[in-house]
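Engineer: With the input below, show me the fold.
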Amino acid sequence: MEKILLKRGKVTAEIQTKGAQIASYRTEEGREVIWQADPAVWPQHAPVLFPVCGKVTDDRILILGKDYPMTKHGFSQNAEFTVIRKGEDFAELALKPTEESRQQYPFDFTFSVIYAMTEDGYRTTFIVENHSDEIMPFCAGGHPAFVCPMEEGAAFGDYELIFPEKEDGWNALVARDGRLDGGETLVCLRDEGRIPLRYDWFDTRDTLVLTHLKSRSVKLVHKTSGKGLRLDFPKLEVLAVWTMPKAHAKYVCLEPWHGIPDTVDASGRFEDKFFATLLKPGETWEASFVMALLN
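Structural biologist: Now for the predicted structure:
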């Protein structure tokens, strides 16, 4: 695994070729923004998800009428990406099929991940190319874990998520086996456009999967100081919010997804998955999300 150091002024970031994930983002003051993958809690920083987001039924999926094994969040999170190009403040990494991946996903593809530092944060761009002769179904998403609380002396419960649009509060519940089994209305989101961070959300629901959002951005901020960050995800339809249940860990994942886990009544066919793209031969799909710090 190679580690790529990016710099913009006094701000630094680190990208790992394994899983193409951002492993560090440090401000001018030296504050770390990305969760540092404590193996006793959750040993990841910010996985990228391809070709599925979440779990599929029985860890199997039908592709072109054939049954294939498929792990939760797909195989990209543990794959070794190739560095295509890099500069002082950006890096592009790409994943192509391997003998192992073809056992799960029988397509010729390129899945590229580009990180570019911005004035107040960084941009993550996904590019999916179909080099096959068949229509290629896929989902893709991010899983960045942000340190929370962000300020000295603050607590996890001092923070909240704020959405710019008036939402209906819909949350697709995650069943014990990781699939979606229905939904509920989060009254706080419907009435106030915000979700206060509470560990019991995750102890009882595991993940908040927001599938009916009108907003394409969210702020994670301290209720009093207003400090925090904003995540913009203009072309990604789903936002998952997660921290390890019952761990009371000091991070929260804000995950923009182009896809969702299987529902309990899913057909098992990839092309039937909600939010999946059916990419024609020779076509390319692209989407980005941006993290910006709020001071």
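Engineer: From Lys72, how far out is the closest residue to Val209 other than its chain neighbours?
Structural biologist: Counting by CB to CB, 6 or more residues apart in numbering, Ala172 is the residue found nearest to Val209 once chain neighbours are left out, at 4.3 Å. For glycine as for every other residue, the C-beta is placed from the backbone atoms N, C-alpha and C. Distance of Ala172 to Lys72, computed by CB to CB, to the nearest Å: 16 Å.
Engineer: Can you report how many residues neighbour Gly193?
Structural biologist: If you count neighbours by other CB atoms under 10 Å, Gly193 ends up with 16.
Engineer: Give me the pLDDT value at it.
Structural biologist: We have a pLDDT of 93 for Gly193.
Engineer: that older thread, quick one: which of Ala172 and Lys72 has more around it?
Structural biologist: The neighbour count for Ala172 versus Lys72, taken as other CB under 10 Å, is higher for Ala172 (23 against 14).
Engineer: Please identify the helix or strand for that one.
Structural biologist: Using DSSP states H and E, Ala172 sits in strand 170-174.
Engineer: Just the buried positions in the helix or strand harbouring Asp181, please.
Structural biologist: Taking DSSP H and E as the criterion, Asp181 maps to strand 180-185. Across strand 180-185, burial judged by 16 or more other CB atoms under 10 Å covers Leu180.
Engineer: Would you mind extracting the C-alpha trace of it into CSV?
Structural biologist: The C-alpha coordinates for strand 180-185 follow below in CSV (Å, rounded to 0.1, in the frame of the first residue of the first chain):
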residue,chain,number,x,y,z
LEU,A,180,-33.8,-2.2,4.7
ASP,A,181,-37.1,-3.3,6.2
GLY,A,182,-39.3,-0.2,6.0
GLY,A,183,-39.1,3.4,7.2
GLU,A,184,-40.1,5.9,9.8
THR,A,185,-40.4,9.6,10.0
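Engineer: what about that strand, average pLDDT?
Structural biologist: Across strand 180-185, pLDDT averages out at 88.
Engineer: Can you list the helices and strands that that strand packs against?
Structural biologist: On a contact count with 3 or more CB pairs under 8 Å, 6 or more residues apart in numbering; DSSP states H and E, strand 180-185 meets strand 170-174.
Engineer: now the strand it packs on: mean pLDDT?
Structural biologist: Strand 170-174 comes out at a mean pLDDT of 90.
Engineer: List of residues touching that strand?
Structural biologist: The contact list for strand 170-174 (CB atoms under 8 Å, 6 or more residues apart in numbering) reads 180-186, 189, 205-212, 260-261.
Engineer: what does the strand holding Asp181 contact?
Structural biologist: With CB under 8 Å, 6+ apart as the test, strand 180-185 has contacts from 168-175, 209, 211, 260-264.
Engineer: one more time with 10 Å
Structural biologist: 54-55, 167-175, 191, 205, 207, 209, 211-212, 260-266, 274 (CB atoms under 10 Å, 6 or more residues apart in numbering).
Engineer: Could you tell me which of the residues you listed belong to helices?
Structural biologist: Asp191, Arg205 (DSSP state H).
Engineer: Can you go through the contacts of strand 180-185 and name the buried ones?
Structural biologist: Buried, going by 16+ other CB under 10 Å: 54-55, 167, 169-174, 205, 207, 209, 211, 260-263, 266, 274, out of the contacts of strand 180-185.
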